[in-house]
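# Sequence first, then the predicted structure, then my questions.
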Amino acid sequence: MLTVVLRHDQSRHLEEFQRQLDEREWWTGFPPEGVEIVSWVVAVGLGQIVTLRLPSGRLNAVNVELERRAWGTFSTEVYATYDFVPVRERLTRESIARRATDGRERA
């Protein structure tokens, strides 16, 4: 997965950058084909945070579309990410099991 932070330029009005996004076909061109949107949220005062799921071979296409469509409207930050929830659940189970075993050994 890939998390993209699209920071707003607060010196510009909404209508101005919406017009620029329209000119660049942002809403129909991003993300590129073969890339799934996992979530797209607005963080007030920050911008938009987009989480994408993609095969590693599509990373270059995401990068090109960000350069083509987002630059000049947003400043971008991109982070490789993964879903930690299943890992957290496993670690929680393992912790509970260890504590249960440690408690029996102390008694």
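Cool, got the structure.

# CA only for contacts and neighbour counts going forward, please
Noted.

# so where do the strands sit in the chain?
With strands called from DSSP state E, the chain shows them at 2-7, 36-43, 47-53, 75-80.

# Averaged pLDDT, the third one. What do you get?
Spelled out, that is strand 47-53. For strand 47-53, mean pLDDT is 97.

# Same question for stretch 26-41.
Stretch 26-41 comes out at a mean pLDDT of 97.

# from now on call the first residue 293
Understood, numbering begins at 293; the last thing we discussed is stretch 318-333.

# So for it, what gets flagged as buried?
Along stretch 318-333, these residues count as buried under the neighbour rule (16 or more other CA atoms under 10 Å): Trp318, Phe322, Pro323, Pro324, Val327.

# what does that stretch contact?
313, 340-347, 350, 353-354, 357-358, 361-362 (CA atoms under 8 Å, 6 or more residues apart in numbering).

# and Leu344, what is it in contact with?
Met293, Leu294, Thr295, Val296, Val327, Glu328, Ile329, Val330, Ser331.

# switch the cut-off to 10 Å
Each residue near Leu344 by CA atoms under 10 Å, 6 or more residues apart in numbering is listed here: 293-296, 323, 327-332, 354, 372-373.

# Gly395 too?
Gly395 touches Ala389, counting by CA under 10 Å, 6+ apart.

# and the contacts of Leu344 as a markdown table, adding distance to Gln302?
Below are the contacts of Leu344 laid out as a markdown table (distance: CA to CA, whole Å):
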| residue | distance to Gln302 |
| --- | --- |
| Met293 | 28 |
| Leu294 | 25 |
| Thr295 | 21 |
| Val296 | 18 |
| Pro323 | 24 |
| Val327 | 29 |
| Glu328 | 28 |
| Ile329 | 25 |
| Val330 | 26 |
| Ser331 | 23 |
| Trp332 | 20 |
| Val354 | 25 |
| Ala372 | 26 |
| Thr373 | 27 |
